[in-house]
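Peer 1: test case, fold it:
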Amino acid sequence: MQVSNGEPRTPLQLVGTGSGPTVGELAEAVGARDVLVLRQVAPGRFLQIGGAGRGAGWAGCIELALAEEPDLRAAIDERRTVRWESPTPRRILGPYHAAHAALVPVDHDVAVLFGAPKVLAGDAELAAAAVTAVGLVGAVTPAKRLADELELLSAVRTVMQCAPSDVRATLEHVASAAAEALGCEVAVAWLPEHDELVVVERGWSLQGREDELRAALAALRDSGVELPLCVQDSVADPLPGPLGPGAGVRSHYVLPLGAPATGLLVLLHTLVTPRGFTGLCRTIGVKVAEAGGVVVHGSVLREDLRRLVRQAEAVARRDPLTGLTNRLGWDEAVASEDAALEPGATASLLVVDLNGLKAVNDGHGHEAGDRFLKLGAEALRSVARRGDTVARLGGDEFGLLMPGVAEPAAEQVVRRVRDAVALAGTVGDVALSAAVGAATCAPGEALRQTWRRADAEMYADKARSRADF
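Peer 2: The predicted structure follows:
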């Protein structure tokens, strides 16, 4: 940064239209890309009221405090032109970043900031351009204020128009809408309670592993910093880890996601377009984060509800004693497999009836009978494959549905079931054994018919066992 004593303020020589130069023509004449006219609107507070380039788009959106901007105070108090020269863009004032800039005081209430990627004209030319620019820029127009309000409403509406089906997709929607509304290259949305992390990249890629990013966000959350946190110069006041200036970040805005905060929304400007966050950007960010929190909360509630419904459905289809599928689940599994059977495919069914449950109940009590049933259930579970359905059909009767298993393999499973039940042990003085019936689905046969054949085979096996006894 350089402070110049200034040269005589000579008229600026412009080749323009007969109606006089525009602020954009003034900027071009002195080699500037941006012109920001700053006017004091309250003691110690300056408002950017117009200009060219970013100065036009940011009109009414930048408010600067002399106490926080020593370079602006120096220019106003000492009536000196302040210059910045840097090989790469850096923060100048407020959210404005540039490689080359000059701040020209016009009087104690007004200053004009010129910015460019290259060296600007001399002090005398800048001073003349500043006086002319102030004459062309009077105040923020009602049309500009209306446009800013519409921009805010549009951003909030975009966030609220969300129809993703899960929490992660909702976070992606919120982060994308926020990045778009604030013109950020990177947006990060983090919901630690649901272990969801989303990174939206728009022309810039964050470096670093996901675990490093999570650690940086956790450190930021645990630091106790008050949110929202807007930092116009990330080089001077960096975020931790992969969110810092080493990753190309030049300014950052951290907002709570939800009220009370359940997550974080981090918005980043990078080397792609070095800049900070205007007052309008900060207002939009707050409103977008508030709306995003509502949308995310709704998505979390829907996902929690779906999970509870799934749990309830699972409980409704589970036998509470053995943990196997119950009769409702078995009926549904048989119907589902029947509908899925393609021509040429097959499936087999086993019906298993434990012998001796009544003797156990009568001789040792129902608690022993429950243990007897659990041992039988574990024996069947040990034989089943992944994808098979093992169910308690009622009382001491069980079913085993085996998709894709043909008759020879089904007979082998029958032998394995008998062996597994026989090895399950003894309750009281009753050793576990079972009557087993098997059937394989014939071409064109419904699985319920196959089930009836397996059931009939089980009763035939039970009758044979009694006859042998």
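
Peer 1: tell me which element the residue nearest the centre of the chain falls in.
Peer 2: Residue closest to the mean C-alpha point of the chain, counted by C-alpha atoms, centre = their mean, is residue 171 at 3.1 Å. Assigned by DSSP states H and E, residue 171 belongs to helix 167-182.

Peer 1: now for that helix, which elements pack on it?
Peer 2: If contacts are counted by 3 or more C-beta pairs under 8 Å, 6 or more residues apart in numbering; DSSP states H and E, helix 167-182 sits against helix 142-160, strand 186-191, strand 196-201, strand 263-270, helix 279-316. (Each C-beta comes from the backbone N, C-alpha and C, glycine too.)

Peer 1: on that earlier part again, check contacts around the residue nearest to the centre of the chain.
Peer 2: 189, 191, 196, 198, 263, 296 (C-beta atoms under 8 Å, 6 or more residues apart in numbering).

Peer 1: one step back: now the helices and strands packed on helix 167-182 as CSV including mean pLDDT and mean neighbour count?
Peer 2: Putting these into CSV (pLDDT from 0 to 100; neighbours: other C-beta atoms under 10 Å) gives the following:
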stretch, mean pLDDT, mean neighbour count
helix 142-160, 91, 15
strand 186-191, 96, 26
strand 196-201, 95, 18
strand 263-270, 96, 26
helix 279-316, 90, 17
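
Peer 1: and of those, who's closest to residue 465?
Peer 2: helix 279-316 (34.8 Å; C-beta to C-beta).

Peer 1: hmm, who's touching the helix or strand following the closest one?
Peer 2: Going down the chain from helix 279-316, the next helix or strand is helix 327-340, by DSSP H and E. By C-beta under 8 Å, 6+ apart, the surrounding residues in contact with helix 327-340 are 316-318, 325, 347, 349, 389, 391-394, 399, 401, 403, 446-448, 451.

Peer 1: so the chain: which segments form each domain?
Peer 2: 2-140, 147-304, 327-468 (automatic domain parsing).

Peer 1: looking at those domains, which one has the lowest mean pLDDT?
Peer 2: Per-stretch mean pLDDT for the domains of the chain is lowest at domain 2-140 (a mean of 88).

Peer 1: centre of the chain to that domain, how far?
Peer 2: The chain centre lies 40 Å from the centre of domain 2-140; the measure is C-alpha atoms, centre = their mean, to the nearest Å.

Peer 1: and what of stretch 295-310?
Peer 2: Put simply, stretch 295-310 sits 15 Å off its chain's centre (C-alpha atoms, centre = their mean).

Peer 1: same check, this time on stretch 220-235
Peer 2: 20 Å.

Peer 1: ok so, going back, export the domains of the chain to TSV and tack on distance to residue 310?
Peer 2: Formatted as TSV, those follow (distance: least, C-beta to C-beta, whole Å):
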stretch	distance to residue 310
domain 2-140	47
domain 147-304	11
domain 327-468	13
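
Peer 1: for these, which one sits closest to residue 311?
Peer 2: Nearest of those (C-beta to C-beta): domain 147-304, 10.5 Å.

Peer 1: A strand includes residue 435, no?
Peer 2: Yes: judged by DSSP: H, G, I helix; E, B strand; the rest coil, residue 435 forms part of a strand.

Peer 1: so what's the residue count around it?
Peer 2: 23 (other C-beta atoms under 10 Å).

Peer 1: for the one 3 residues further on, same thing?
Peer 2: Applying the criterion other C-beta under 10 Å, we find 25 residues in the vicinity of residue 438.

Peer 1: residue 209 now?
Peer 2: Residues near residue 209, counting by other C-beta under 10 Å: 10.

Peer 1: who's in contact with the closest residue in space to residue 148 that isn't next to it in sequence?
Peer 2: Take residue 148 and drop its neighbours on the chain: the residue closest to it by C-beta to C-beta, 6 or more residues apart in numbering is residue 280, 5.3 Å away. Contacts for residue 280 (C-beta under 8 Å, 6+ apart) come out as 58, 60-61, 148, 151-152.
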